[in-house]
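Asks: From the sequence below, what's the structure:
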Amino acid sequence: MKRSEINALMRDADAFLKSHGFLLPPFAFWTPADWAAKGDEVKEITERGLGWDITDFGSGDYEKIGLFLFTIRNGHPDNLKTGRGKLYAEKIMIVGEGQVTPMHFHWSKTEDIINRGGGRLLIQLYNSTPDEALAGTDVTVSTDGISRTIPAGSTVTLSPGESITLPPFLYHKFWGEGGRVMVGEVSTVNDDAHDNRFYEPVGRFPEIKEDVPPLYLLVGDY
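Replies: Predicted coordinates:
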């Protein structure tokens, strides 16, 4: 992805979120010069991967296969071992109409995916086999606290206000329908470096062509 494209997506995302009454924290708008003046007081931001996260999953076509994320809060994986500190994470995401996030699961993370506004969010689901293939078994999943069982590969539609709980090892692929979707994620600690199992190999973070200076830093820039 070109840095100019990422800068434009940042501006557009901020406007879209504000249009739905969602405001990003102040550090979202620190410039590279602001970051250069920071010290150890911002270690939680940099070490936990808080901030802007825009990816095309290595596709080269963000509008078709891509995702906008902003991590607002996150603990450390070691917190889950001790049961102390932040055991949770929160993200806000924007999913475009027909924009696909590829099929994947998490070995550790349990997450609630919430349609916070806009269009509908469609999520295709499969159980995983012991060797991490797609299982043909029925999927039992909770949507807003209600248990439901669906055939393998079925799609659950979330309208604004609706949510789904995705436990570890449950494959999921999602995209928007009927307009862009503002999507919330509330989960246990998030570890993008070690806890994403994509069914088909992808690049979790984009390769960036530096055609212009960064507007704001991505988590990969820290």
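Asks: Is residue 136 in contact with residue 152, as I believe?
Replies: Yes: using Cβ atoms under 8 Å, residue 136 is in contact with residue 152, at 5.0 Å. Glycine gets a C-beta too; all of them are placed from N, C-alpha and C.
Asks: The two: who's more crowded?
Replies: residue 152 (15 against 11; other Cβ atoms under 10 Å).
Asks: Phi and psi next, for the more buried one.
Replies: Dihedral angles of residue 152 (phi, psi; degrees, to the nearest 10) stand at phi -50, psi 140.
Asks: wait, it sits on residue 139?
Replies: Yes: in this structure, residue 152 is within contact of residue 139 by Cβ under 8 Å, at 6.2 Å.
Asks: how long is stretch 143-155 end to end?
Replies: 13 Å (Cα to Cα, to the nearest Å).
Asks: neighbouring contacts of that stretch?
Replies: Where contact means Cβ atoms under 8 Å, 6 or more residues apart in numbering, the residues beyond stretch 143-155 that reach it are 122-127, 134-142, 156, 158, 162-165.
Asks: Which of the residues you listed are buried? Put it as a ChimeraX command.
Replies: Listed next is the ChimeraX selection for buried residues among these, using 16 or more other Cβ atoms under 10 Å:
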select :122,123,124,125,126,127,135,139,141,156,158,163,164,165
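Asks: Tell me which entries of the contacts of stretch 143-155 lie within strands.
Replies: Among the contacts of stretch 143-155, the members found in strands (DSSP state E) are 122-127, 139-142, 156, 158, 163-165.
Asks: Nearest to the spatial middle of the chain, which residue is it?
Replies: In the chain, the centroid-proximal residue (Cα atoms, centre = their mean) is residue 69; its distance is 4.9 Å.
Asks: What separation do you get for it and residue 146?
Replies: Using Cβ to Cβ, to the nearest Å, residue 69 is found at 27 Å from residue 146.
Asks: How about residue 53?
Replies: As judged by Cβ to Cβ, residue 53 and residue 146 stand 31 Å apart.
Asks: cool, residue 187 as well?
Replies: 20 Å.
Asks: of the two, who's got more company?
Replies: Ranked by neighbour count (other Cβ under 10 Å), residue 187 and residue 146 place residue 187 first, with 20 against 7.
Asks: What score does the more buried one have for pLDDT?
Replies: For residue 187, the pLDDT comes out at 98.
Asks: For it, list each beta-bridge partner.
Replies: Per DSSP bridges, the residues bridged to residue 187 are residue 89, residue 111.
Asks: Then residue 214 would be within a helix, right?
Replies: No: counting by DSSP: H, G, I helix; E, B strand; the rest coil, residue 214 is not part of a helix but coil.
Asks: Check what pLDDT it gets.
Replies: pLDDT for residue 214: 97.
Asks: With the one 5 residues further on instead?
Replies: Listed pLDDT for residue 219 reads 96.
Asks: so who does it touch?
Replies: Residues near residue 219 by Cβ under 8 Å, 6+ apart: 49-53, 71.
Asks: Farthest-apart pair in the residues you listed, please.
Replies: Pairwise distances across the contacts of residue 219 peak at 10.3 Å for 49 and 52 (criterion: Cβ to Cβ).
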